[in-house]
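Student: okay, sequence plus prediction incoming.
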Amino acid sequence: MPTATDLPPWLTRVGVFDLETTGVDVTRDRIVTAHVGVLDADGREIASKDWLADPGVEIPEGATAVHGITTAKARAEGRDAAEVVSEVTAALRSLLARGIPVVAYNASYDFSLLAFECARHGIAPLVDPAPIIDPLVIDKAYDRYRPGKRTLSVVAEHYAVGLDAAHQASADAIAAGRVAQALARRFTLPPSSDELHTRQIGWARSQAESLTEYFIRIGRLDPEEQLDGTWPVRRAL
């Protein structure tokens, strides 16, 4: 098993974060489940917290098909959405305040949706959360021309990281953290989490510009449209 000596010191203890939600629109959709944890250098989770929220709206069948939570289950077993949003935000704020980087796969989705939820419930949001580690952005930057999808399950398999319960917040969060550590073992990442955070801002912007050009070329976007490459929180807030 790889040990701490295989990793940069700032990756030997990392936070992990994932949301499962009512849909994919960060401005409108709501949190259903959330997970925040901490991994050690060997990818073992040494602290964790899970949440199930009653989002206050119907959970579409398509979303339930992904994460398995029905409207009935959320209403019967879920906690008040505002309490969940507040606690998730506080848990992430605590990790970042202690200098622990937080890993989130496709971080601009999770952090943006959380910020909109904070605004919806009158909760102080995370302001410029950092340092964040996004294995999706990093993988695209270091292995740009690898063919195939870049979903978490595909990328986890590529880096020999197990993911047995995809689309459960805890499983996805832990797998993302382990993929981040696998990336650091394969590639030479920047010397600090702060520098990596800054690099990812530029990488995410360039990746969105490239994807915009491709979508326009295949007719998926109109020429005047543009994907938002702001990272880790989208600028539409």
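Tutor: Thanks, I have the structure now.

Student: CA atoms for contacts and neighbours, from now on please.
Tutor: Fine.

Student: list the contacts for Thr33?
Tutor: Shown in contact with Thr33 (CA atoms under 8 Å, 6 or more residues apart in numbering): Leu19, Glu20, Thr21, Asp50, Trp51, Leu52, Ala53, Ala169.

Student: again, 6 Å this time
Tutor: Contacts for Thr33 (CA atoms under 6 Å, 6 or more residues apart in numbering) come out as Leu19, Glu20, Trp51, Leu52.

Student: state the pLDDT value of the closest residue to Ser112 other than its chain neighbours.
Tutor: Of all residues not flanking Ser112 in the chain, Val233 sits nearest, at 4.8 Å (CA to CA, 6 or more residues apart in numbering). Note on Val233: pLDDT of 97.

Student: Val233 and Leu113: what is the separation?
Tutor: The spacing between Val233 and Leu113, counted by CA to CA, to the nearest Å, is 9 Å.

Student: in this structure, which spans are strands?
Tutor: Assigned by DSSP state E, the chain shows strands spanning 14-21, 31-39, 45-54, 79-80, 102-103, 132-133.

Student: let me have those in a markdown table, extended by distance to Asp194.
Tutor: Shown next, in a markdown table, are the strands of the chain (distance: least, CA to CA, whole Å):
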| stretch | distance to Asp194 |
| --- | --- |
| strand 14-21 | 13 |
| strand 31-39 | 18 |
| strand 45-54 | 23 |
| strand 79-80 | 34 |
| strand 102-103 | 11 |
| strand 132-133 | 8 |
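
Student: relative to Val88, which of the ones you listed is closest?
Tutor: strand 31-39 (7.3 Å; CA to CA).

Student: what sits against Gly15?
Tutor: Gly15 touches Gly37, Val38, Pro101, Val102, Val103, counting by CA under 6 Å, 6+ apart.

Student: about what we covered before: so which of Val233 and Leu113 has more stuff around it?
Tutor: Leu113 (25 against 22; other CA atoms under 10 Å).

Student: thinking again about what came up before, most surrounded residue in the contacts of Gly15?
Tutor: Within these, neighbour counts (other CA under 10 Å) peak at Val103, which reaches 31 neighbours.

Student: can you list the low-confidence ranges for this structure?
Tutor: 1-5, 236-237 (pLDDT under 70).

Student: quick one, helices of it?
Tutor: Secondary structure of the chain (DSSP state H): helices at 61-67, 71-77, 81-97, 107-121, 135-142, 152-158, 169-186, 193-217.

Student: now do the residue nearest in space to the middle of the chain against Gln200, distance only.
Tutor: Centroid-nearest residue in the chain: Ala104, 2.8 Å away (criterion: CA atoms, centre = their mean). As judged by CA to CA, Ala104 and Gln200 stand 13 Å apart.

Student: what's the answer for Leu39, then?
Tutor: Separation of Leu39 from Gln200 (CA to CA): 21 Å.

Student: same question for Ala173.
Tutor: 19 Å.

Student: before we move on, the earlier item: and among the helices of the chain, the most buried is which?
Tutor: helix 169-186 (a mean of 24; mean count of other CA atoms under 10 Å).

Student: only C-alpha atoms, please: export it in PDB.
Tutor: Output of helix 169-186 as PDB, limited to C-alpha atoms (Å, rounded to 0.1, in the frame of the first residue of the first chain):
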ATOM      1  CA  ALA A 169     -22.400  11.000  -1.300                       C
ATOM      2  CA  SER A 170     -20.000   9.100   1.100                       C
ATOM      3  CA  ALA A 171     -18.700   6.700  -1.600                       C
ATOM      4  CA  ASP A 172     -18.200   9.500  -4.200                       C
ATOM      5  CA  ALA A 173     -16.500  11.800  -1.700                       C
ATOM      6  CA  ILE A 174     -14.100   9.100  -0.500                       C
ATOM      7  CA  ALA A 175     -13.300   8.000  -4.100                       C
ATOM      8  CA  ALA A 176     -12.600  11.600  -5.200                       C
ATOM      9  CA  GLY A 177     -10.200  12.000  -2.300                       C
ATOM     10  CA  ARG A 178      -8.400   8.800  -3.300                       C
ATOM     11  CA  VAL A 179      -8.300   9.800  -6.900                       C
ATOM     12  CA  ALA A 180      -6.700  13.100  -5.900                       C
ATOM     13  CA  GLN A 181      -4.000  11.100  -4.000                       C
ATOM     14  CA  ALA A 182      -3.500   8.800  -7.000                       C
ATOM     15  CA  LEU A 183      -3.000  11.800  -9.300                       C
ATOM     16  CA  ALA A 184      -0.300  13.100  -6.900                       C
ATOM     17  CA  ARG A 185       1.400   9.800  -7.000                       C
ATOM     18  CA  ARG A 186       1.400   9.700 -10.800                       C
END
